[in-house]
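> Let's see this in three dimensions:
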Amino acid sequence: MEKPIPTKGIKVIAQGDSGDYFYVVEKGSFDVYVNRTGTLQAGIDGLGQKVDTIEAGGSFGELALMYNAPRAATVMSAETHCTLWALDRLTFRRILMESTFARRRMYENFLEEVPLLATLTPYERSKIADALETQKFTPGAVIIREGDPGLSFYLVESGEADVFKKGSDSPVKHYEKGDFFGELALLNDAPRAATVVARTDLKVATLGKSAFQRLLGPVEGIMRRTKYVGVKTGVEDLDPLQTL
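Predicted coordinates for the structure are as follows:
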């Protein structure tokens, strides 16, 4: 059903509330806020941090319907004369859950297992899941090549890959499920510093440069400095690969 939003600052959904509708923006824009406490709080700072703006053609409200969970964010009209279309829970599940959102759930389940992303909110992970694309490689296939520009960030979904530097016949690094690579070439706008080759059948989730810069801001510092125990990442203390 159509839902006119006549003025700026109207809360359509509130973080922590139960959810009965999924919304599609026909006209106008809506700001998204996430409070780290998990619920909308009283006071001037109760909305939390603004994390996104949803324009015409965008949508929101699906997480609560998908998982029977409280609203993960507060969404408020950012301008006057906005228009939404609302879809009730039953219709949403019948039409959408079997296609687009089933794919998102698959990615979200995977992202929950990646240590790098453990600090993100469910809303932030859902936005990353929306932007991910799967690529498959056969053994021996080159995923990225030393000297090429950095255009994508990679998360290993399954399989294994090896890292090679020019002049070396042996791998200098190894990746497996849950590992990631390609991040610092995007962070530093630098060429790839090594070549990554599939050792086995390999499936990776990829994030393009613009989506990477927009969505992974909250963990940029972690990518630049953190070495995880038991997890081989693209930012370990291995100097030849610092701009992989």
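> Residue 196 pairs with what?
residue 144, residue 163 (DSSP bridges).
> neighbours of residue 7, just the number please.
Using other C-beta atoms under 10 Å, the number of residues around residue 7 comes to 10. (Each C-beta comes from the backbone N, C-alpha and C, glycine too.)
> My read is that it contacts residue 79, right?
No. Judged on C-beta atoms under 8 Å, residue 7 makes no contact with residue 79 at a distance of 9.0 Å.
> The spatially most central residue of the chain: what's it in contact with?
For the chain, the residue sitting closest to the mean C-alpha position, by C-alpha atoms, centre = their mean, is residue 128 at 1.3 Å. Counting by C-beta atoms under 8 Å, 6 or more residues apart in numbering, residue 128 makes contact with 107, 111, 117, 120, 207, 215-216.
> go with 10 Å
Contacts here follow C-beta atoms under 10 Å, 6 or more residues apart in numbering; on that basis residue 128 touches 104, 107-108, 111, 114, 117, 120, 155, 205, 207, 211-212, 214-216, 219.
> Could you give me the buried positions within stretch 74-87?
74-78, 82, 84, 86-87 (16 or more other C-beta atoms under 10 Å).
> try stretch 118-137
Applying a neighbour-count criterion of 16+ other C-beta under 10 Å, one finds 120-132, 137 buried in stretch 118-137.
> got it, and stretch 182-197?
Buried residues in stretch 182-197 (16+ other C-beta under 10 Å): 182-187, 192-197.
> which of these sit farthest apart?
187 and 197 (22.8 Å; C-beta to C-beta).
> so what's residue 166 closest to, chain neighbours aside?
In space, and not counting its chain neighbours, residue 166 is closest to residue 146: 5.8 Å by C-beta to C-beta, 6 or more residues apart in numbering.
> and that neighbour, which of the three is it?
coil (DSSP: H, G, I helix; E, B strand; the rest coil).
> How far off centre is stretch 142-149?
Offset of stretch 142-149 from its chain centre (C-alpha atoms, centre = their mean, to the nearest Å): 23 Å.
> Stretch 6-16 too?
How far stretch 6-16 lies from its chain's middle: 24 Å, per C-alpha atoms, centre = their mean.
> And residue 116, its phi and psi?
Per-residue torsions, residue 116: phi -50, psi -40 (degrees, to the nearest 10).
> Quick check: it touching residue 180?
Yes. Look at residue 116 against residue 180 with C-beta atoms under 10 Å: they come within range, at 6.2 Å.
> Quickly note the distance from the residue lying closest to residue 54 once chain neighbours are set aside to residue 108.
In space, and not counting its chain neighbours, residue 54 is closest to residue 30: 4.7 Å by C-beta to C-beta, 6+ apart. Using C-beta to C-beta, to the nearest Å, residue 30 is found at 22 Å from residue 108.
> More neighbours: which of those two?
The neighbour count for residue 30 versus residue 108, taken as other C-beta under 10 Å, is higher for residue 30 (25 against 20).
> Need the phi and psi values for that one.
Taking degrees, to the nearest 10 as the convention, residue 30 sits at phi -140, psi 130.
> Pretty sure residue 3 is one of the things it touches, is it not?
No. The pair residue 30 / residue 3 is not scored as a contact, 11.7 Å apart, by C-beta under 10 Å.
> intersection of neighbour lists for the two?
Residues touching both residue 30 and residue 3 (C-beta under 10 Å, 6+ apart) are 12, 23, 82, 84.
> For those, name the two members farthest from one another.
With C-beta to C-beta as the measure, no two of the shared contacts of residue 30 and residue 3 lie farther apart than 23 and 82, at 10.5 Å.
> Residues in contact with both of these two, list them for me.
3, 5, 12, 30.
> and the second one, what are its bridge partners?
Each beta-bridge partner of residue 5 is listed here, defined by DSSP bridges: residue 82.
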